[in-house]
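Engineer: Got a sequence here, can you model it:
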Amino acid sequence: MIQILRQCIKSVWKTTITVCAIVGLAKVMVYAGMTDALAIALVSLLGPVYPLFAPLIGALGNILNRLRYFS
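Structural biologist: Residues are numbered from 1 along each chain as shown. Predicted coordinates:
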């Protein structure tokens, strides 16, 4: 049982560190207001065509989330 646990930990430690780093970076970005700044910049850059691009941005986020889930 202990050997199986060691093998499991050995196989997932890189993924665990990566996910923790990404979540940490996301938290820092939210607390610093970077996500709001990026959203405002994108809206001002795209102007009235932003509603056409918003679903694409959401789809991209969904794809990236699924890739992280299956990694």
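
Engineer: Would you mind giving the domain segments of this protein?
Structural biologist: With domains defined by automatic domain parsing, the chain comprises 1-32, 33-71.

Engineer: And the helices in the chain, which stretches?
Structural biologist: 2-32, 34-46, 50-70 (DSSP state H).

Engineer: which of those has the lowest average pLDDT?
Structural biologist: Lowest mean pLDDT within the helices of the chain: helix 50-70, a mean of 83.

Engineer: List the buried residues in it.
Structural biologist: For helix 50-70, burial by neighbour count (16 or more other Cβ atoms under 10 Å) applies to no residue. All C-beta atoms are positioned from the backbone trio N, CA, C, and that covers glycine.

Engineer: Measure how it sits relative to helix 2-32, angle-wise.
Structural biologist: Counting by axes from the mean of the first three to the mean of the last three Cα atoms, to 10 degrees, helix 50-70 lies at 160 degrees to helix 2-32.

Engineer: tell me the angle of helix 50-70 relative to helix 34-46?
Structural biologist: Going by the same axes, to 10 degrees, helix 50-70 makes 140 degrees with helix 34-46.

Engineer: Show me what helix 50-70 packs onto, helices and strands only.
Structural biologist: helix 34-46 (3 or more Cβ pairs under 8 Å, 6 or more residues apart in numbering; DSSP states H and E).

Engineer: Output the helix it packs on as PDB, nothing but the C-alphas.
Structural biologist: Output of helix 34-46 as PDB, limited to C-alpha atoms (Å, rounded to 0.1, in the frame of the first residue of the first chain):
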ATOM      1  CA  MET A  34      -4.900  42.900 -13.200                       C
ATOM      2  CA  THR A  35      -7.800  41.000 -14.500                       C
ATOM      3  CA  ASP A  36     -10.000  44.100 -14.400                       C
ATOM      4  CA  ALA A  37      -7.300  46.100 -16.100                       C
ATOM      5  CA  LEU A  38      -6.900  43.500 -18.900                       C
ATOM      6  CA  ALA A  39     -10.700  43.400 -19.400                       C
ATOM      7  CA  ILE A  40     -11.000  47.200 -19.600                       C
ATOM      8  CA  ALA A  41      -8.100  47.400 -22.000                       C
ATOM      9  CA  LEU A  42      -9.600  44.700 -24.200                       C
ATOM     10  CA  VAL A  43     -13.000  46.400 -24.300                       C
ATOM     11  CA  SER A  44     -11.400  49.800 -25.100                       C
ATOM     12  CA  LEU A  45      -9.300  48.100 -27.800                       C
ATOM     13  CA  LEU A  46     -12.100  46.200 -29.500                       C
END
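
Engineer: I am finished for the moment; much appreciated.
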